[in-house]
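# Below are the sequence and a predicted model; questions follow.
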Amino acid sequence: MNRENQIIKNIMKRILNLKGKAAVAILLFAVVGLFDACQKDDVKAVINPASGVSMTLTPSATTVVLDSTAAATTTAATLTWNAPNYGVQVSVTYTLQIDSMTGGFINPTIVNLGNVATQAYTKAALNLLALNYKLKPAVAGQIQFRVKADIGVGYQSIYSAAVPITITPYSLVIPPKFPVPDSLYIVGSATAGAWNNPVPTPNQKLTKIDYHTFGAVLQLTTGNAYDFLPVNGNWANKYNVSSSSANPLSDSFQPSQGPGSDIPAPAASGLYKIIVDFVTGKYTLTLLTTNPIPANLYIVGDATSGGSAHGWDNPVPVPAQQFKQVSNGEFIITIPLLATGSYLFLPLNGDWTHKYGGASATGGAVLADGNVPNSNTPGPGAAGNYVIDVNFFTNQYKVTKQ
């Protein structure tokens, strides 16, 4: 308070030249103001967390082995910490920070907890967190946690020490009933290619939907049959059914290593969506009225090599701007793209009636017609050669720079 005392002395000297009540009022106002400022400085010094305020994070377990049993409802670990003592009563806000062992909390995962001084994780939540930090299933690894406490703008945050937790996660991949082949084809008298082997591609090559599922949309003829082949042109391995009385619309299939029957075609000829799932070991057929997969696909736009002068010319030049169909429902093109501009996918060259596109420069959901935001798919942001993969079974497109 020495500085304040000197200021008061200076003020008093000036006030001595004033007379009466005015002098007294001014003096009281100045002293009260300085006393209040001194009080605020003193309080701020008391709750300044830079010195002598600590917080300890304590996990319920430092080693956790996870499994999928009741994973969504079973608590795997609970983190708690003490409320830091600031010397006076204050409102504290907590933030849990999570990072890899080498991340240094430069860009941690953040969990805002308000004034709650605990955080519980179910087995499922902790498992997902561990997998997101690249811990391998069935292998012990570590991630670290710490807590940040704040009491308001202008005050220094305090942190607990980082606490590592050793976690053995489980895999989210369901083991398939049968080994999943790299590719899958359909052959048989129910198809356009009949029993000719190799089969016509890409139409009779099924599209891979995920790690265990394949799909195709095909015209099937009743009264006939078909099989699935992992290798086109090879009869050594195939998938069929155990009995000719199998349900044509959905049933179990088997690797043909002994007695078996071809899969019967549906009772009515028509266009069918075929899904083959190696996790369940079942095929499923759905009758369609129209084919959701285009016969061809083209790219048009001023992000293409034609630029703004010719990029939106339609029809587009082929084969330079025509996708290659690599399976029943997947199209791929390798093409130079400009940094700016935009583009669309057209099922018919020279026709604007229908279009496909997306909202992201790197990929995402395939949108159709008026659902394409701002009418076009944005350019990549950097010029170069790009591979664009459009999958109509996953309804996803992916843009990758070479």
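That came through, no problem.
# average pLDDT across the helix or strand encompassing Leu126?
Assessed by DSSP states H and E, Leu126 sits inside helix 123-132. Throughout helix 123-132, pLDDT has a mean value of 96.
# Check which residues of whichever helix or strand comes after that helix are buried.
Counting by DSSP H and E, the next helix or strand C-terminal to helix 123-132 is strand 141-150. Residues of strand 141-150 classed as buried: Gly141, Ile143, Gln144, Phe145, Arg146, Val147, Lys148, Ala149 (neighbour count, 16 or more other CB atoms under 10 Å). In this view, the C-beta of every residue, glycine as well, is placed from N, C-alpha and C.
# Pretty sure the second one sits against Met101.
Yes - with contact defined as CB atoms under 8 Å, Ile143 reaches Met101; the gap is 6.9 Å.
# what sits in contact with each of the two?
Common contacts of Ile143 and Met101 (CB atoms under 8 Å, 6 or more residues apart in numbering): Pro164.
# Pull out the CA atoms of the helix or strand containing Asp227 and give them to me as PDB.
With elements taken from DSSP H and E, the one containing Asp227 is strand 225-229. C-alpha atoms of strand 225-229 as PDB (Å, rounded to 0.1, in the frame of the first residue of the first chain):
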ATOM      1  CA  ALA A 225     -29.500 -70.900 -60.900                       C
ATOM      2  CA  TYR A 226     -26.200 -69.300 -60.100                       C
ATOM      3  CA  ASP A 227     -23.100 -69.500 -57.900                       C
ATOM      4  CA  PHE A 228     -20.500 -67.000 -56.500                       C
ATOM      5  CA  LEU A 229     -16.900 -67.200 -57.500                       C
END
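# name the helices or strands packed onto the next helix-or-strand element following that strand?
Next in sequence after strand 225-229, counting helices and strands by DSSP H and E, comes strand 239-240. When contacts are defined as 3 or more CB pairs under 8 Å, 6 or more residues apart in numbering; DSSP states H and E, strand 239-240 sits against strand 225-229, strand 254-255.
# By mean pLDDT, which helix or strand of the protein comes out lowest?
helix 20-47 (a mean of 47; mean pLDDT, DSSP states H and E).
# ok, the nearest residue to Gly379 once chain neighbours are set aside - how many residues close by?
Among residues not flanking Gly379 along the chain, Ala303 sits closest, at 3.7 Å (CB to CB, 6 or more residues apart in numbering). The local packing of Ala303 (other CB atoms under 10 Å) involves 28 other residues.
# residues in contact with Ala303?
Gly311, Leu337, Leu338, Thr340, Gly341, Ser342, Tyr343, Pro378, Gly379, Pro380.
# Could you rerun that using 10 Å?
Shown in contact with Ala303 (CB atoms under 10 Å, 6 or more residues apart in numbering): 311, 335-344, 361, 376-380, 383, 386.
# Strands along the stretch 301-402 of the chain, start to end?
Per DSSP state E, counting those that start in this stretch, the stretch 301-402 of the chain carries strands over the ranges 324-327, 330-337, 342-346, 356-357, 363-365, 367-368, 377-378, 384-391, 396-401.
# again with the stretch 151-300 of the chain
Under DSSP E, counting those that start in this stretch, the stretch 151-300 of the chain gives strands at 158-159, 163-168, 185-187, 207-208, 213-220, 225-229, 239-240, 250-252, 254-255, 263-264, 270-277, 282-288, 298-300.
# export the strands of the stretch 301-402 of the chain to a markdown table and tack on distance to Asn115 and mean neighbour count?
Shown next, in a markdown table, are the strands of the stretch 301-402 of the chain (distance: least, CB to CB, whole Å; neighbours: other CB atoms under 10 Å):
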| stretch | distance to Asn115 | mean neighbour count |
| --- | --- | --- |
| strand 324-327 | 55 | 18 |
| strand 330-337 | 50 | 19 |
| strand 342-346 | 47 | 24 |
| strand 356-357 | 46 | 23 |
| strand 363-365 | 38 | 15 |
| strand 367-368 | 43 | 16 |
| strand 377-378 | 42 | 25 |
| strand 384-391 | 47 | 18 |
| strand 396-401 | 42 | 17 |
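# In JSON lines: these, plus mean pLDDT and distance to Phe278.
Output for these, formatted as JSON lines (pLDDT from 0 to 100; distance: least, CB to CB, whole Å):
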{"stretch": "strand 324-327", "mean pLDDT": "98", "distance to Phe278": "16"}
{"stretch": "strand 330-337", "mean pLDDT": "97", "distance to Phe278": "18"}
{"stretch": "strand 342-346", "mean pLDDT": "96", "distance to Phe278": "30"}
{"stretch": "strand 356-357", "mean pLDDT": "95", "distance to Phe278": "29"}
{"stretch": "strand 363-365", "mean pLDDT": "95", "distance to Phe278": "25"}
{"stretch": "strand 367-368", "mean pLDDT": "94", "distance to Phe278": "30"}
{"stretch": "strand 377-378", "mean pLDDT": "94", "distance to Phe278": "33"}
{"stretch": "strand 384-391", "mean pLDDT": "97", "distance to Phe278": "18"}
{"stretch": "strand 396-401", "mean pLDDT": "96", "distance to Phe278": "20"}
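# who wins for proximity to Leu288 among these?
Smallest distance to Leu288 across those (CB to CB): 16.2 Å, for strand 367-368.
# That closest one - contacts with which helices or strands?
With contacts taken as 3 or more CB pairs under 10 Å, 6 or more residues apart in numbering; DSSP states H and E, strand 367-368 sits against strand 356-357.
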